[in-house]
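Chemist: I would like to see how this sequence folds:
(chains A, B, C and D)
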2 protein chains.
Amino acid sequence: MDETVRWLTPEEQRAWRAFVRLQERLGGRLARMLQTESGLSVADFAVLVQLTDVPEGRQRFLDLARALEWEKSRMSHHIARMVKRGLVVRDECVEDGRGAFVVITDAGREAIEGAAPLHVEAVRDLFLDHVTPAELRTLAQVSERVVAKLDEDAS
Amino acid sequence: MDETVRWLTPEEQRAWRAFVRLQERLGGRLARMLQTESGLSVADFAVLVQLTDVPEGRQRFLDLARALEWEKSRMSHHIARMVKRGLVVRDECVEDGRGAFVVITDAGREAIEGAAPLHVEAVRDLFLDHVTPAELRTLAQVSERVVAKLDEDAS
DNA sequence: TAGACGTAGTTGACATGTCATCGTCCTGTC
DNA sequence: GACAGGACGATGACATGTCAACTACGTCTA
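Modeler: Numbering: from 1, shown residues only, chains lettered A, B, ... in the order given. From the prediction side, this is the model:
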């Protein structure tokens, strides 16, 4: 029972709230744009980008999950939805009877090739264009440092 | 048809990815902590904080939605769930037959009073403690500037 | 005061995530 | 080999959000 809570100072409060708000607003806006312009969710986009980064657009289930830092269950559900929409297909794994590959389809490639330029443009318009290079460096440093701490804690 | 896409430079790419990653990881961690330590979702927390900030812990539906920047539909669904769990109650609005108030219950106050110190502590441990005051100022400035731009665009 | 129009809130269908649990297959050890 | 335990992935129940109607009430104007 520690009664002395170190509440946030006004500056901390302001910064934290602004930061949270930025995430919600910017993330929401980008997600909506991606959806309406390209018919993809952010999750779809992430999967497709990862698959185009990998030989033959083909990757094992858990490798994909690890690359995106997703839970395997999320991966499983999401791939099922993407299969239904024809963006990827499953492929049996010969070496390991339990395993499966996820493979990007032609439709998936078309989708990502159409979406990526628009998405990059949106990230510029809504975010990068309003941040100086120095600020961006700071942001990157802070982000990497904090994520590294989170990783430490988790272990 | 503009063929010349301005892709992200390596620094931009790194910064943007780190930033997105930070949001996912930090947000996820805080949400999970709040849930397991206090049995509240981030959304519950936001509603309860807002209601304790308002006279009598009582606010009109849409005012609440505007304060949190939520859609009314989201508000409606979420309040229904919170009512079911006894954190808030609905109250008829006499002046306006369409309207309704949301009122925090004693259980709601207990929940938020138990959760808030832990949550603040977590925000410190996981984030603020790893950011210098100067970095925090930069972060706040950037966040506010970008959100302001988003607001402009929306109008 | 009637009708048009706007406002407050609800609802249902659906997309997305999490958690816990399950079935199946692989692997190391005896 | 047999079996214990781990790894791979699927599944069902549930929480959360969004979008698009829809209901019901208020308000303004002719």
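Chemist: Helix or strand for the residue nearest in space to the middle of chain A, just tell me which one.
Modeler: With distances taken as CA atoms, centre = their mean, A:A46 lies nearest the centre of chain A, 5.2 Å away. Here A:A46, judged by DSSP states H and E, is contained in helix A:42-52.
Chemist: And that helix, what's buried?
Modeler: A:43-48, A:50-51 (16 or more other CB atoms under 10 Å in any protein chain shown). (C-beta placed from N, C-alpha, C; glycine too.)
Chemist: where along chain A do the helices fall?
Modeler: Applying DSSP state H to chain A gives helices spanning A:10-38, A:42-52, A:61-68, A:72-84, A:106-126, A:133-154.
Chemist: Check these for me and report the most buried one.
Modeler: With neighbours taken as mean count of other CB atoms under 10 Å in any protein chain shown, the helices of chain A reach their highest mean count in helix A:42-52, at a mean of 20.
Chemist: Determine the set of other helices and strands touching that one.
Modeler: helix A:10-38, strand A:58-60, helix A:61-68, helix A:72-84, strand A:88-92, strand A:100-104, helix A:106-126 (3 or more CB pairs under 8 Å, 6 or more residues apart in numbering or on different chains; DSSP states H and E).
Chemist: what does chain A put close to DNA strand C?
Modeler: A:41-44, A:70-71, A:73-74, A:77-78, A:81, A:96-98 (CB under 7 Å from any atom of the strand).
Chemist: Those into JSON lines, with extra columns for distance to A:E3 and pLDDT?
Modeler: Output for those, formatted as JSON lines (distance: CB to CB, whole Å; pLDDT from 0 to 100):
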{"residue": "A:S41", "distance to A:E3": "45", "pLDDT": "97"}
{"residue": "A:V42", "distance to A:E3": "42", "pLDDT": "97"}
{"residue": "A:A43", "distance to A:E3": "43", "pLDDT": "98"}
{"residue": "A:D44", "distance to A:E3": "48", "pLDDT": "98"}
{"residue": "A:W70", "distance to A:E3": "40", "pLDDT": "97"}
{"residue": "A:E71", "distance to A:E3": "37", "pLDDT": "95"}
{"residue": "A:S73", "distance to A:E3": "40", "pLDDT": "97"}
{"residue": "A:R74", "distance to A:E3": "40", "pLDDT": "97"}
{"residue": "A:H77", "distance to A:E3": "44", "pLDDT": "98"}
{"residue": "A:H78", "distance to A:E3": "45", "pLDDT": "98"}
{"residue": "A:R81", "distance to A:E3": "49", "pLDDT": "97"}
{"residue": "A:D96", "distance to A:E3": "55", "pLDDT": "87"}
{"residue": "A:G97", "distance to A:E3": "58", "pLDDT": "84"}
{"residue": "A:R98", "distance to A:E3": "52", "pLDDT": "88"}
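Chemist: ok, back up a step: do you know which of the helices and strands packed on helix A:42-52 lies nearest B:L139?
Modeler: helix A:10-38 (5.7 Å; CB to CB).
Chemist: For stretch A:7-21, what does the pLDDT average out to?
Modeler: Mean pLDDT, computed over stretch A:7-21, is 96.
Chemist: what's that stretch in contact with?
Modeler: B:69, B:120, B:123, B:127-128, B:133, B:136-137, B:139-140, B:143-144, B:147 (CB atoms under 8 Å, 6 or more residues apart in numbering or on different chains).
Chemist: Any chance you could give me that stretch in CSV, C-alpha atoms only?
Modeler: Only the C-alpha atoms of stretch A:7-21 are listed here, as CSV (Å, rounded to 0.1, in the frame of the first residue of the first chain):
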residue,chain,number,x,y,z
TRP,A,7,1.0,11.6,-10.6
LEU,A,8,2.0,13.2,-13.9
THR,A,9,3.2,16.8,-13.9
PRO,A,10,1.2,19.1,-16.2
GLU,A,11,3.9,18.9,-18.9
GLU,A,12,4.0,15.1,-18.7
GLN,A,13,0.3,15.0,-18.8
ARG,A,14,0.1,17.3,-21.8
ALA,A,15,2.8,15.4,-23.6
TRP,A,16,1.4,12.0,-22.9
ARG,A,17,-2.1,12.9,-23.9
ALA,A,18,-0.9,14.6,-27.1
PHE,A,19,1.1,11.5,-28.0
VAL,A,20,-1.9,9.2,-27.4
ARG,A,21,-4.1,11.4,-29.3
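Chemist: Excluding covalently adjacent residues, which one is nearest to A:T52?
Modeler: Spatial nearest neighbour of A:T52, excluding adjacent residues (CB to CB, 6 or more residues apart in numbering or on different chains): A:I112 at 6.0 Å.
Chemist: From B:R17, how far off is A:R17?
Modeler: From A:R17 across to B:R17, the span is 24 Å (CB to CB, to the nearest Å).
Chemist: actually A:R58, not the one I typed
Modeler: 23 Å.
Chemist: A:L62 too?
Modeler: The gap separating A:L62 from B:R17 is 21 Å, by CB to CB.
Chemist: do the same with A:R145
Modeler: 15 Å.
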